[in-house]
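Undergrad: generate a structure from the sequence data that follows.
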Amino acid sequence: SGYVFAVSVQRVQLHLQVLNVKRFHHQQQQQQAPQSSAQGELTPSEIHEICDYFSRCVVCEPYDASRIASFIMLLTLPISVIQEFVKLITWNKSLSEAHGDIAAAERARAELCLEKHPRSVSDDYTEPSLLSKSNIQHDRANNSVDFTLTFVLDHNLTPHVRTSGGAAWLPFCVSLRLRYTFGDTSHIAYLAMDGSHGGRSCWLQHEDWERCKQSVVKAVKMVNGSPAGGETSRGRLQMVAEMVQKQLQLCLVHLRDGSLSAGSTRP
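TA: Numbering: from 1, shown residues only. Next up, the predicted model:
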């Protein structure tokens, strides 16, 4: 891709260096495909966002080996795929800046999850490589990448759920595993969905959780059905994050309204 990202350790601190390696092509090749080489490069603003993301989300304490491994795996993806992730990261950053006055634990947000956590066996999905530390898996043969989005639920919409121990201090979250197939035709597929606080987040009833899960699957499919034209600035990954976040908001509203109506009918 023409770029070298070097992660180094200096005085117990991680540093990121970005080196632009100029490849020497024959003059005939440059004349035949001048546009393709331009499309295969990261812009200065994209490089800046990558470096900013590294300092904000990768080297934050406590250090985690899977977080570093995921970031390195992200940088080995094709340039066009890296740009998709940069759009997602930039969108998330803009939302955080817009809600700077609201505590992070109380505002809804969607984040790219770099840390690899033990998964519950669900949805007939198994990790392609259990030995890999990276939470981002690149299948070069099939032009696909598996990744996880973590959705922190809106504190104002989550119903009151009794939790014990340290979990009472943690925000309710939903973890969504997706597969992005890129190339001539891009496609995003649902793989699995897990919740915090025991696996179902704030959905105590199994039926409610399964209903929410199915609505998220439909939201992901809607992104694949939407036209790509006019969405270049947003990107597919940002679109699916927005759609799923809205759907989770609706599920929370239905869950809350259902709890209120059930409470009002009790004798």
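Undergrad: list the buried ones in the helix or strand that contains Asp257?
TA: According to DSSP states H and E, Asp257 maps onto helix 236-265. Buried residues in helix 236-265, counted by 16 or more other C-beta atoms under 10 Å: 236-245, 247-248, 251-252, 255-256, 259. For every residue, glycine as well, the C-beta is placed using N, CA and C.
Undergrad: and for stretch 84-95?
TA: 84-92.
Undergrad: stretch 209-224 too?
TA: Neighbour counts over stretch 209-224 (16+ other C-beta under 10 Å) mark 209, 212-213, 216-217, 219-220, 223 as buried.
Undergrad: before we move on, what about stretch 141-148?
TA: Residues of stretch 141-148 classed as buried: 144-148 (neighbour count, 16+ other C-beta under 10 Å).
Undergrad: give me the contact list for it.
TA: Residues from elsewhere that reach stretch 141-148, judged by C-beta atoms under 8 Å, 6 or more residues apart in numbering: 77, 81, 112-113, 128, 135-139, 175-183, 191.
Undergrad: try it again with 7 Å
TA: By C-beta atoms under 7 Å, 6 or more residues apart in numbering, the residues outside stretch 141-148 that reach it are 77, 81, 112-113, 128, 135-138, 175-183, 191.
Undergrad: same check, this time on stretch 66-86
TA: Outside stretch 66-86, the residues that reach it (C-beta under 7 Å, 6+ apart) are 1, 5, 7, 40-42, 46, 49-50, 54, 58, 112, 114-116, 133-136, 138, 145, 182, 235-237.
Undergrad: change it to 6 Å
TA: Contact with stretch 66-86 is made by 1, 5, 40, 46, 49, 58, 114-116, 133-136, 182, 235, 237, as judged by C-beta atoms under 6 Å, 6 or more residues apart in numbering.
Undergrad: equivalent analysis for stretch 87-99, please.
TA: 49, 53, 107, 111, 235, 237-238.
Undergrad: how many residues are close by Ile47?
TA: Neighbourhood size, Ile47 [other C-beta atoms under 10 Å]: 16.
Undergrad: quick check: pLDDT value at it.
TA: Per-residue pLDDT puts Ile47 at 89.
Undergrad: for it, pull up the helix or strand it's in.
TA: Assigned by DSSP H and E, Ile47 belongs to helix 44-53.
Undergrad: so which bits of that helix are buried?
TA: Taking 16+ other C-beta under 10 Å as the criterion, helix 44-53 shows 46-47, 49-50, 53 as buried.
Undergrad: how about Tyr53, nearest residue that isn't a chain neighbour?
TA: Among residues not flanking Tyr53 along the chain, Ile89 sits closest, at 5.1 Å (C-beta to C-beta, 6 or more residues apart in numbering).
Undergrad: so for the one you found, what's the pLDDT?
TA: For Ile89, the pLDDT comes out at 95.
Undergrad: name the helices or strands packed onto whichever strand or helix holds Met193?
TA: Assessed by DSSP H and E, Met193 sits inside strand 187-195. Here strand 187-195 touches strand 173-181, helix 206-225, going by 3 or more C-beta pairs under 6 Å, 6 or more residues apart in numbering; DSSP states H and E.
Undergrad: quick one: these as TSV, columns for distance to Asn156 and mean pLDDT too.
TA: Shown next, in TSV, are the helices and strands packed on strand 187-195 (distance: least, C-beta to C-beta, whole Å; pLDDT from 0 to 100):
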stretch	distance to Asn156	mean pLDDT
strand 173-181	15	94
helix 206-225	18	91
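Undergrad: out of the ones you listed, which gets nearest to Pro159?
TA: Closest approach to Pro159 among those is made by helix 206-225 (10.4 Å; C-beta to C-beta).
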